[in-house]
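# Have a look; sequence and predicted model below, questions after that.
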Amino acid sequence: MTLVVAFVPDLLFGSQVQGSLRAAGHEVALVGDEQGVRGAVAGADVLVVDLTDELARRVSLLDAISREGLLGEVRTLAFYSHVDVDARRAGENAGFDLVVPRSRMAREAAELVTRLVDDG
């Protein structure tokens, strides 16, 4: 079973992501803050990060946990508001394995996670 840590502070969207991932057979740990990410990411297969707000903090979080050696073999997926080109670029520059618009995340969360795991 794939363990997905999802850093999605928006509780409504986070529960939607969690529901679609669980329906596809993934185990999901939904976390709402950076401390939660640090505590859960070590055993995860995939880390999902919401870039829709406080972009600099999200990108620096990935950078920090990379430096701390917490990522290991964790694949990373970020999503952003489709109108926020800067967020997309920042996510790509930060080294996320996959960066997609929020609308695609809403439609294809399970498929995206499965693709990351299969490609890893």
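Structure received.
# the helices in this protein, which residues?
11-23, 34-40, 55-67, 85-94, 102-119 (DSSP state H).
# how about these, which one is nearest L77?
Taking C-beta to C-beta, helix 102-119 is the member of those nearest to L77, at 5.9 Å. For glycine as for every other residue, the C-beta is placed from the backbone atoms N, C-alpha and C.
# Direction-wise, compare the closest one with helix 85-94 and give the angle.
10 degrees (axes from the mean of the first three to the mean of the last three C-alpha atoms, to 10 degrees).
# relative orientation of helix 102-119 and helix 11-23 in degrees?
30 degrees.
# picking that back up, save the helices of the chain as JSON lines, and put in distance to F79, mean pLDDT and mean neighbour count too.
Listed next are those as JSON lines, based on distance: least, C-beta to C-beta, whole Å; pLDDT from 0 to 100; neighbours: other C-beta atoms under 10 Å:
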{"stretch": "helix 11-23", "distance to F79": "9", "mean pLDDT": "93", "mean neighbour count": "16"}
{"stretch": "helix 34-40", "distance to F79": "15", "mean pLDDT": "80", "mean neighbour count": "16"}
{"stretch": "helix 55-67", "distance to F79": "10", "mean pLDDT": "66", "mean neighbour count": "16"}
{"stretch": "helix 85-94", "distance to F79": "8", "mean pLDDT": "82", "mean neighbour count": "16"}
{"stretch": "helix 102-119", "distance to F79": "4", "mean pLDDT": "93", "mean neighbour count": "16"}
